[in-house]
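**Q** what's the 3D shape of this:
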Amino acid sequence: MISFGLVISILVVFLVLLTIYLGIKIVPQSKVFVIERFGRYHRTLNAGLSIIIPYLDSVAHRIDILERQLESQKISVITRDNVEVELETSVFYRVIDASRSVYRISNIDQALTTETAAVVRSAAGKLELDELQSSRDKMNAEIASTLSPSADEWGINITRTSITDVIIDEATKEAQRQQLNAERTRRATVAEAEGQKQAVQLKADAELYQAQKEAEAV
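**A** Purely as a prediction, here's the structure:
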């Protein structure tokens, strides 16, 4: 018959082993763990082996610190020359402060999507359509710079932004084609006029030269 003392010993050993098991946390390389004590933020565990106090501490959040990409969005904007276009944008970010990303914002992706749309509209409104199409790198840098203060507040870092496409409606495309054709016609007309001017000048020079030769021969 198993004695009461043996049962107590087994229970004690079990509790000790359980406590050790619960107190050891192994954090994967690509994550950090947010630890709460009595329901309040206590600390953040980085990759590797860590020890917490069981029953007092708990892993409240497991945060992925790999670079993330927001779902690409098409943002309707109006340029400085009052042309309405759609910009397809991509934003990449990484969590750098897990506690801020958890306790200062409820949905990072949603907040960043909304903020990005506002920033892109503001930046595009400062440029004419031709500038917008030729200055994507400049605009990308401005978007990232403008997003940085909010990103810092949310514990993330904007790693890069990208305007992947400028979508123009058919009416605007046709207007651009007409403008391009008109510019080509203008350049051709100017070139032709310059050619005629040079031809007339050469003819006049030749006639003057001939007259001088004839005068010298008299």
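
**Q** Going by C-alpha atoms from here, please, whenever you check contacts or count neighbours.
**A** OK.

**Q** how close does the residue nearest in space to the middle of the chain get to D152?
**A** Per CA atoms, centre = their mean, the C-alpha nearest to the average position across the chain is that of T161, at 1.7 Å. Going from T161 to D152 by CA to CA, to the nearest Å gives 16 Å.

**Q** returning to what we had before: and the residue nearest to the centre of the chain, what are its bridge partners?
**A** Beta-bridge partners recorded for T161 (DSSP bridges): V91.

**Q** swap in the one 4 residues further on?
**A** In this structure, D165 has the following beta-bridge partners (DSSP bridges): E88.

**Q** Could you tell me how far it is located from T89?
**A** 7 Å.

**Q** Who has more neighbours out of the two?
**A** Neighbour comparison, D165 and T89: the larger count goes to T89, with 22 against 14 (by other CA atoms under 10 Å).

**Q** Could you report the separation of the more buried one from L129?
**A** For T89, the distance to L129 - CA to CA - is 16 Å.

**Q** Equivalent analysis for I156, please.
**A** 32 Å.

**Q** residue ranges with poor pLDDT in this protein?
**A** The chain contains residues with pLDDT under 70 at 1-2, 170-193, 195, 197, 199-200, 202-218.

**Q** Can you report how many residues lie near the residue lying closest to K74 once chain neighbours are set aside?
**A** Closest residue in space to K74, ignoring its immediate chain neighbours: E88 at 4.4 Å, by CA to CA, 6 or more residues apart in numbering. Using other CA under 10 Å, E88 has 16 other residues around it.

**Q** how far does stretch 92-100 sit from the chain's center?
**A** Its chain's C-alpha centre and that of stretch 92-100 lie 15 Å apart, by CA atoms, centre = their mean, to the nearest Å.
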